[in-house]
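Predicted model, plus sequence, below.
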Amino acid sequence: MPLSVESVQAFLNDKSAQANLFSADIDFSPAEIQMAMKLTAGAYNSTLPPCDTVSVACMPDIDEDDTFVHGVAAALLRSMMMNIARNAIEYTAGGVTVSKDSQIYAFYEKLEPQLRAYFERGAKSRKMVKNVRMAYGQIG
């Protein structure tokens, strides 16, 4: 079964407005998740060795290999960080200056490299196993 928008939303706990304290809506639309899945497939397909490719239609779901959902999550956070950086503003209410976006950005900035590194390690490992199997047959 391929990775689904619903699986990505479950992984991110982005299933409902109630799950998102600040945005009062889901953070990532199905279209945004689909785009992140395309970006992740492209990143996987360009990872060496060139022995295996995936598409959105055949990207493994979490229960088969959680590598891809980490890549999708990293792509979504990068997208959100670009949006926050583009729209960064501070405002004052009741004598208090608020910049919640900068705090969210800082959190995403710490989390995104961890998700990306997990994906990159998993992609390389998955491809190395496939490459060895292609050369020598089934191992283990």
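Happy to help now that I have it. Numbering: from 1, shown residues only.

how about the nearest residue to the residue nearest the centre of the chain, chain neighbours excluded?
Residue closest to the mean C-alpha point of the chain, counted by CA atoms, centre = their mean, is residue 73 at 1.6 Å. Excluding the flanking residues, the one nearest residue 73 by CB to CB, 6 or more residues apart in numbering is residue 115, at 4.9 Å. For glycine as for every other residue, the C-beta is placed from the backbone atoms N, C-alpha and C.

what do you get for residue 58?
In this structure, residue 58 finds its nearest non-sequential neighbour in residue 2, 5.6 Å apart by CB to CB, 6+ apart.

List the residues that contact the one you found.
56, 57, 58, 59, 60, 61 (CB atoms under 8 Å, 6 or more residues apart in numbering).

Tell me where this protein has helices.
5-12, 30-45, 67-86, 100-136 (DSSP state H).

What about residue 35, how many residues nearby?
With neighbours defined by other CB atoms under 10 Å, the count for residue 35 comes to 17.
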